[in-house]
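Asker: test case, fold it:
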Amino acid sequence: MDRTSHSRPTLPARLLIGAALVLLCALALGAVGAGAAGQEEPPLNPNPERPSFVVIQTDDQTLDGLYATFQAFPGAAQTRAMPNTLDLIAKRGMTFNRYYVSYPLCCPSRVSLLTGRYAHNNGVKGNIQPNGGYFGFSFRAADDHNIATWLQAAGYRTIHIGKFLNGYGDEPYSDGKNVPPGWDAWHTVIKADTEHFFYGYTLNDNGVLSEAGAYGESGTWEPREYTQRDPAGCPFEPAEPRPCVYATDIFNWQAREEIEATPPDQPFYLQLDHVAPHGDFRRPAGPEPAVRHYDWFRGKRHPHNRKEGFDEGNVSDKPRFIREADHLTPTEKRIYRVYYQKQLESLRSIDDGVKDIIGTLAQAGRLQNTYIVFTSDNGFFFGEHRLLGGKFLAYEPATHLPFLIRGPGIKPGTETGELAANIDIAPTVLELAGAKADKSLDGRSLTPYLRDPALRTRRPLLFESFVETSDVEANGAISSSGERDGGRAGGNGKRAQASLLAPPLNYEGIRLGPYKYIAWPNGEKELYDINKDPNELNNIVKTPNFFPIRNFLHRQLRRFENCVGRECREVTPPLPLTRREFQKLQAQKRREQRERERQREKERRERERNHPGKQK
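Answerer: Numbering: from 1, shown residues only. Okay, the predicted model is just below:
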């Protein structure tokens with residue numbers, strides 16, 4: 001698909017439009033100044049000191065994972081996957097119910113969070129070197145023009161903990177010994193994407209690599225099991241005299257240490273990037289939970305059932321690569337049910353860390369002036385639309401993700417339905433910090449919606465992808481033989497892993513109002529009303545009633561697909577009516593017209609009866 005063919009106004013026309021807008025803005029500001037002098041809106045943060053920030057980002061966590069509950073047997077208490085996150089962030093702050101990532105793949109999504117820019121502008125368009133991954137990031141402007149460098153220049157202490165970008169520490173592109181620009185404290189896993197170890201990983205601690213065995217042993221590839229795990233009781237009261245080294249617990253501990261190490265008068269930005277709940281390619285399928293959380297969700301079923309799109313029955317309205325996919329096998333269903341259970345169990349230790357970090361902030365006297373964000377880089381498919389083990393498609397399980405924020409000035413327990421995205425995080429943090437970016441930002445600050453949850457705009461969100469089939473990891477996808485695919489087709493080659501059989505390049509889409517519109521490079525299209533069809537089972541792109549919506553969204557996609565900076569933040573005209581809505585409106589107008597004519601005729605006859613001598 002040609003991503004650059006749409007036309008834009010000529011320079012003279014744009015200058016005339018700009019001049020008109022300036023004049024209108026000046027008139028509007030003058031009216032406001034005359035009518036509301038001295039009534040400037042107070043800042044969101046009531047504290048005189050600059051706030052600090054903790055951004056917690058998980059890996060492959062779906063929206064379902066945040067709210068998941070499990071009842072082991074009738075009458076048993078409900079176990080929540082993330083009670084602390086919901087109680088201490090969501091209930092004490094705001095939930096963005098329509099938060100999306102524009103490019104649901106690890107590295108591009110994370111770079112958009114760091115830079116506030118879509119992938120087509122920050123240049124990091126995949127996970128794999130040389131144009132994607134950490135190497136692709138390292139020689140682009142994104143490397144030293146991002147939220148860390150901007151906040152560091154503004155006097156913030158910047159801290160990174162956990163996973164950074166795919167390929168960091170993978171030879172020959174990166175040895176994992178460097179600390180990228182902008183970070184004052186650096187505790188980052190190397191080879192996090194190629195190994196995904198929860199034991200036996202290597203950390204770069206401020207430029208020094210940890211010694212072999214410092215964080216446990218990963219074991220050999222066969223029999224694909226950890227040879228040693230944390231002793232029972234970790235990290236609180238280990239039953240054996242050896243250290244607790246489970247990755248999530250170590251990251252949480254480092255976060256607490258760095259908060260305490262920051263001078264009381266210095267604001268900080270801490271980004272905690274967990275490896276969990278990404279799978280680690282060890283048995284059983286899925287990530288490795290902390291020992292204390294083993295089997296907490298054993299018996300939990302898939303996040304969606306058949307009516308919600310699991311192993312979708314009728315895929316005649318889907319793109320060809322899904323139409324040609326087989327139904328899921330019993331083995332695949334069993335494997336990915338276990339995978340989901342292990343994801344939920346691994347989230348428990350992240351949730352423990354949320355409580356500990358908030359407790360540390362409170363003890364340090366910083367909680368009342370710290371904004372805490374919780375989100376994920378992308379989602380995951382657990383059989384929806386016959387998709388397994390991948391994410392980078394624009395369907396809801398991969399793109400519609402958690403976004404929670406608490407902090408000064410945010411009313412507890414609030415929710416908003418305004419569309420938000422990962423490109424909005426950096427602009428929001430910068431505004432709250434009083435810092436400036438030295439590059440244009442595609443995203444916008446979310447502070448107006450933190451003040452007023454009812455506020456709505458027509459700023460659309462883009463979906464985009466630039467990967468080739470070989471650029472997307474198998475994510476632990478398991479073939480029908482029960483072995484990890486490793487990027488190869490298993491069985492008859494028609495498993496619908498999103499990482500394997502998706503079209504190779506350049507799908508794009510747009511999210512606006514209740515609608516999601518996707519354009520595939522082979523000309524196929526998809527249109528969904530997410531309010532009425534949240535599981536995207538009914539593609540209405542060929543339904544005549546929605547042709548006005550389809551055509552409008554296609555035009556808007558052409559308008560925004562190559563947007564830069566301010567252009568990406570512009571609003572669209574109102575959505576058009578559907579054909580039926582238009583017909584109803586026309587029918588209503590005709591009825592009203594007939595009623596007016598009857599009323600006029602009635603009035604004429606009344607005049608004739610009252611004044612018979614004045615008849616014409």
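Asker: and the helix or strand harbouring residue 252, what's buried?
Answerer: Residue 252 belongs to helix 247-261 when elements are defined using DSSP states H and E. Buried positions in helix 247-261, judged by neighbour count with 16 or more other Cβ atoms under 10 Å: 247, 248, 249, 250, 251, 252, 253, 254, 255, 256, 258, 259. Quick note: C-beta positions are derived from backbone N, CA and C, even for glycine.
Asker: please identify which of the residues you listed is nearest to residue 81.
Answerer: Distance to residue 81, by Cβ to Cβ, is smallest for residue 248 among those, at 13.8 Å.
Asker: circling back to that earlier point, who's in contact with the helix holding residue 252?
Answerer: Contacting residues not belonging to helix 247-261 are listed as 54, 159, 161-162, 185, 187, 189, 197-199, 201, 203, 215, 230, 234-235, 244, 268, 270, 272, 274-276, 290, 346, 349-350, 352-353, 356-357, 360-361, 364, 366 [Cβ atoms under 8 Å, 6 or more residues apart in numbering].
Asker: now, those residues that are in helices?
Answerer: Secondary structure defined by DSSP state H assigns 346, 349, 350, 352, 353, 356, 357, 360, 361 of these to helices.
Asker: for those, which one is nearest residue 461?
Answerer: residue 350 (26.1 Å).
Asker: contact partners for that closest one?
Answerer: Applying Cβ under 8 Å, 6+ apart to residue 350 gives the contacts 56, 58, 82, 85, 248, 252, 274, 276, 277.
Asker: give me that answer again for 10 Å
Answerer: 56, 58, 61, 81-82, 84-85, 248-249, 251-252, 272, 274-277, 290, 374 (Cβ atoms under 10 Å, 6 or more residues apart in numbering).
Asker: what's the neighbour count on residue 340?
Answerer: Residues contacting residue 340 under the criterion other Cβ atoms under 10 Å number 25.
Asker: who touches it in this structure?
Answerer: Contacts of residue 340 by Cβ under 10 Å, 6+ apart are 62, 64-65, 68, 277, 285-286, 297, 300-303, 380, 382-383.
Asker: tell me which of these fall in helices.
Answerer: 64, 65.
Asker: and the contacts of residue 340, which are buried?
Answerer: Buried by 16+ other Cβ under 10 Å: 62, 64-65, 68, 277, 285-286, 297, 300, 302-303, 380, 382-383, out of the contacts of residue 340.
Asker: nearest residue to residue 439 other than its sequence neighbours?
Answerer: Distances taken as Cβ to Cβ, 6 or more residues apart in numbering place residue 145 nearest to residue 439, at 4.7 Å, with adjacent residues excluded.
Asker: list the contacts of the one you found.
Answerer: Taking Cβ under 10 Å, 6+ apart, we find residue 145 in contact with 114, 115, 117, 122, 181, 182, 437, 438, 439.
Asker: shouldn't the last one be in contact with residue 121?
Answerer: Yes. Contact status for residue 439 versus residue 121: in contact at 8.9 Å, counting by Cβ atoms under 10 Å.
Asker: shared neighbours of the two, anything?
Answerer: Common contact partners of residue 439 and residue 121 (Cβ under 10 Å, 6+ apart): 115, 141, 142, 565.
Asker: separation between the residue sitting nearest the centre point of the chain and residue 110?
Answerer: What sits nearest the mean C-alpha location of the chain, by Cα atoms, centre = their mean, is residue 101, with 3.6 Å. Distance from residue 101 to residue 110, counting by Cβ to Cβ, to the nearest Å: 10 Å.
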